[in-house]
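> sequence unavailable; structure follows:
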């Protein structure tokens, strides 16, 4: 019952966002506005607070390595497979990789894994490494020539609030700095809005406005194109779901066995690797204007199906 209760708020808030957008309550730009709020304000606050309070000493190296191997392997395969299997353009491949291997550590990973291990700092550590790589790739997509420029990479922390907040959080943790109570309280309030706003934005994005009616001669061609596009999206979604909910925990299990993790550590690593796609995948796709459809579907489908896969993993390893 505890596992189910962790998922219920996600489904409710996503449904609220969909209903609010469908009824016209939030307007057509709701998903975009909420997404930018999360990306530029709420998410940086949450990352800064989490990383500034995370001790840098006493890191569980072997669980971190096992989880990191599974994350890197699946994101890498998804990144490359998006091109090989489905012909995705360079700007869309990072989002495809995120959808396949970027775990929901905020509102699912930390509560669930805390129950089985008590310390899941490796979630934040891996995300801290993976996020800048993905954002650099997405930033490259914005470059007119599509090249990685050293100057643009060097200025990315200044231009990207997510990376800047992460670096400041690590610096505060390393220096053992403590924020004034008023600043900390303000950031806590703002960070508390990150997950709810992201889920409402996700739900709002699932509502599609009806297309403008076409001429009768065009309707058959449009219907055929829509059917082909739908089949391609379903194939992509099936591969992403298999990578996220099956391949990633299996790789984590194999890596954990090779590293001789204890039973509780192995359970925590496999459960964390089997978490669904993070809603940040959709937020990033929306901010950079690539892969939004595959991102929001991946979040919804993997979140729904992971309830069964996580329960199975916990039963088999517990």
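Here it is on my side, so go on. Predicted, not measured: the structure shown is a model, and the values here were computed from it.

> can you tell me how far the residue nearest the centre of the chain is from residue 263?
Nearest to the geometric centre of the chain sits residue 278, at 2.6 Å (CA atoms, centre = their mean). As judged by CB to CB, to the nearest Å, residue 278 and residue 263 stand 27 Å apart. Any C-beta I mention is one placed from the backbone N, CA and C, and that applies to glycine too.

> on that earlier part again, quick check: phi and psi at the residue nearest to the centre of the chain.
phi -70, psi 140 (degrees, to the nearest 10).

> that one contacts residue 299, correct?
Yes: when contacts are counted by CB atoms under 8 Å, residue 278 is listed as touching residue 299 (7.4 Å).

> could I get the average pLDDT for stretch 196-216?
Across stretch 196-216, pLDDT averages out at 71.

> now stretch 258-270
Rounded mean pLDDT across stretch 258-270 is 87.

> cool, and stretch 304-318?
82.

> ok, and what's touching that stretch?
Contacts to stretch 304-318, defined as CB atoms under 8 Å, 6 or more residues apart in numbering, come from residues 3-4, 7, 11, 112, 116, 241, 244-246, 249, 253, 263, 266-267, 270-271, 274-276.

> where does the nearest residue to residue 170 once chain neighbours are set aside sit, in terms of helix or strand?
Leaving aside its sequence neighbours, residue 170 sits nearest to residue 51 (CB to CB, 6 or more residues apart in numbering; 5.4 Å). Taking DSSP states H and E as the definition, residue 51 sits inside helix 43-52.

> distance from the chain centre to that helix, please.
Mean C-alpha position of helix 43-52 versus that of the full chain (CA atoms, centre = their mean, to the nearest Å) differs by 15 Å.

> and it, what's its mean pLDDT?
Rounded mean pLDDT across helix 43-52 is 84.

> and the helix or strand just after that helix, what does it pack against?
Using DSSP H and E, the helix or strand that directly follows helix 43-52 along the chain is helix 61-84. The contact analysis (3 or more CB pairs under 8 Å, 6 or more residues apart in numbering; DSSP states H and E) places helix 61-84 against helix 93-101, helix 121-142, helix 248-258, helix 263-273.

> from memory residue 172 sits against residue 55, does it?
No: look at residue 172 against residue 55 with CB under 8 Å: they stay out of range, at 11.7 Å.

> looking at the two, which is more packed in?
residue 172 (17 against 10; other CB atoms under 10 Å).
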